[in-house]
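Participant: need a 3D model of the sequence below.
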Amino acid sequence: MNVNIPTMFTWLRILLIPVFVGVFYWPDNLHQLGLAPSHLVNVTATAIFLIAAITDWLDGYLARRLNQTSAFGAFLDPVADKLMVAAALIVLIKFDRVGEIVSLIIIGREIAISALREWMAGQGQGSSVGVAMIGKIKTTAQMIAILLLLYWDNIDLGDLGVFPTKVVGNVLILVAAFLTLLSMAYYLKIALPQIRAK
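Facilitator: Here you go, the predicted model:
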């Protein structure tokens, strides 16, 4: 296994997942004692997810900048992304901040496209289903939506001043779900000739 700086950032992202989930299960008596106000849970989880999102950008940037790309890193990076997003969506479902169908669309698409890319790579056509612009836009909308929905709760602190975090988060997660379906159709269209040939 080739361990380099970008790969270490990817591993950090994976290690942050249990920390991120664990924040939502802080003992209730901490809230009662005033040691961990309920909104602090949201702020902490949002900060952890933001750090994970930054490392996602950083590992790709450093891999190119330092010429430290590797086959293992190329495999691990999207796995880390999908695990972090899935964990966030499951937590948001539990706290009734995002719908099950929207989450199923996003998580299901990630699994399906990962499998498609793996299959296409096996056919020597991996580059044809690389990340497209529509996928990048989808990811941006999805990440911002998750950050806003993690931050929001049903108390006054749930909005950033006059910025309606819940409303904007819900709109963006719906946009992300739509772009998820659109991008899946785009990738399937590219792969269809190869699928038919087999």
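Participant: show me the domain layout of this structure.
Facilitator: 1-95, 98-198 (automatic domain parsing).
Participant: just put those domains in TSV and tack on mean pLDDT and mean neighbour count.
Facilitator: In this view, the C-beta of every residue, glycine as well, is placed from N, C-alpha and C. Output for the domains of the chain, formatted as TSV (pLDDT from 0 to 100; neighbours: other CB atoms under 10 Å):
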stretch	mean pLDDT	mean neighbour count
domain 1-95	82	16
domain 98-198	82	16
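Participant: how far off centre is the helix or strand where residue 72 lies?
Facilitator: Assessed by DSSP states H and E, residue 72 sits inside helix 71-94. Once both centres are worked out by CA atoms, centre = their mean, to the nearest Å, helix 71-94 turns out to sit 6 Å from its chain's centre.
Participant: tell me which other helices or strands it touches.
Facilitator: Packed against helix 71-94 by the contact rule (3 or more CB pairs under 8 Å, 6 or more residues apart in numbering; DSSP states H and E) you find helix 5-23, helix 38-65, helix 100-122, helix 133-151.
Participant: cutoff 6 Å now
Facilitator: helix 5-23, helix 38-65, helix 100-122 (3 or more CB pairs under 6 Å, 6 or more residues apart in numbering; DSSP states H and E).
Participant: now render these as JSON lines, adding distance to residue 176.
Facilitator: JSON lines is the format used below for the helices and strands packed on helix 71-94 (distance: least, CB to CB, whole Å):
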{"stretch": "helix 5-23", "distance to residue 176": "19"}
{"stretch": "helix 38-65", "distance to residue 176": "14"}
{"stretch": "helix 100-122", "distance to residue 176": "7"}
